[in-house]
Structure formats: structure tokens, C-alpha cells
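[1] here's a sequence, model it:
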Amino acid sequence: MSHAVVAIASHNPVKIRAAEAALTKSFSQHQWQSRAHDVPSGVADQPMTEKETRDGALNRLANLKGAEPHADYYVAFEGGYDRLDGVPCTFAYVAICDGQRTLVGRSAALPLPTRIAERLEAGEELGPVMDDEFQQHNIKQQGGAIGILTGGLQDRAGIYHDTLLLLLAPYRYPELYPQRDKE
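    All right, here's what the predicted structure looks like:
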């Protein structure tokens, strides 16, 4: 079994577990070593648009590559908020790079209750809002809003994991996914 390194743009255990699990499932021939880095996103602590959330993931990825120049893969996650077709939602963008090809994808969107959306739109961050609304502590390093609002049927790590698994398809089958000029 060969060794491989994944650099992850976070010290959050939810994000680390999601990246490790997705890469282990996709590339079981490797023994993965994770290297977590706290790198800036260059966006607000609570991104408020899809674009800002996507930019945050890509910024983290770029900063991660500078912090860990010799990894086999680089993974960055950025959670955000926006009104999608008028519905207040939270979602994440995931960015991955193998040093040559960068891919970005968005997770499924979780509709948020109006009172939580209003607090976000007033300038608060989702994690502390959920902690306050549901008398939790540090929910963003646990199941997140997804875990609470689905009654534990899904959680933040699962959404990150599943989104990353989909993004890994072109790395698993590069012959089926020729690189485009604008990746």
C-alpha cells in the first residue's frame, strides 16, 4: 500500500473526517496522511452568496497550496448562505486539486427556517445562531445545522463527504474526463 498526503484547509474535525473518508473510499490503494492547515478564505466568516462561498473555497485552496506545497491532493470546504430561488438555504462549496487539475462543486442546499435566515441576513454566523436557537455548543464541529434540522438523518460531514466523492470521479477515471482548458 502506498502512502499519499491530503492537505485540508481546516482544523475542523468534521471537514478532516469528510476528506479522509472520501479519499479512502475513492483511492483505497493509498494509506492517507492528513495535514490540516488553518488558511484564510478571503471572504466573510459567514459568506452570504453562492459566489462569495465559492470564492472562499477557491481562496482557501490557493492558500493551502502555499502552506503545503508537496501534497498529493488539496481539499477546501466553505459553508455559505444564499436565497436560492427565494428560499433561504445553507450549502457548501468544495474545491479539490491534485496539483494540476482543480475542480469545484456545490453541495445540496438545506432550506433554513425564516427566523434563522433573518439572523444571518442581520450579520450573524450560522454556527453560533444554531447553537443559540437549539441550546447547543459548537455545532459546526459536530452535525451542523444539517444534523439538527434533519433530526440526525444527515450531517455536515456527510454532505461534505458526498460532494467530495462526486468531485473525485474525474481523478479516478482521468481517461473519461479529459482536462479542459478552463479547469
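
[2] every contact and neighbour count from this point should use C-alpha atoms.
    OK.

[3] strands of this structure, start to end?
    2-8, 30-36, 73-84, 87-97, 102-106, 110-111 (DSSP state E).

[4] name every strand pairing with the last one and say which way it goes.
    Strand pairing for strand 110-111, determined by DSSP bridges: strand 87-97 (antiparallel).

[5] for the partner strand, what does the pLDDT average out to?
    Confidence for strand 87-97, expressed as mean pLDDT, is 98.

[6] what comes up buried for that strand?
    When neighbours are counted by 16 or more other Cα atoms under 10 Å, the buried residues of strand 87-97 are found to be 88-97.

[7] circling back: any chance of JSON lines for the strands of the chain, columns distance to residue 163?
    Output for the strands of the chain, formatted as JSON lines (distance: least, Cα to Cα, whole Å):
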{"stretch": "strand 2-8", "distance to residue 163": "15"}
{"stretch": "strand 30-36", "distance to residue 163": "19"}
{"stretch": "strand 73-84", "distance to residue 163": "10"}
{"stretch": "strand 87-97", "distance to residue 163": "7"}
{"stretch": "strand 102-106", "distance to residue 163": "7"}
{"stretch": "strand 110-111", "distance to residue 163": "14"}
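
[8] now for the ones you listed, which one comes closest to residue 52?
    Closest approach to residue 52 among these (Cα to Cα): strand 73-84, 7.9 Å.

[9] show me what that closest one is packed against.
    When contacts are defined as 3 or more Cα pairs under 8 Å, 6 or more residues apart in numbering; DSSP states H and E, strand 73-84 sits against strand 2-8, helix 50-67, strand 87-97.
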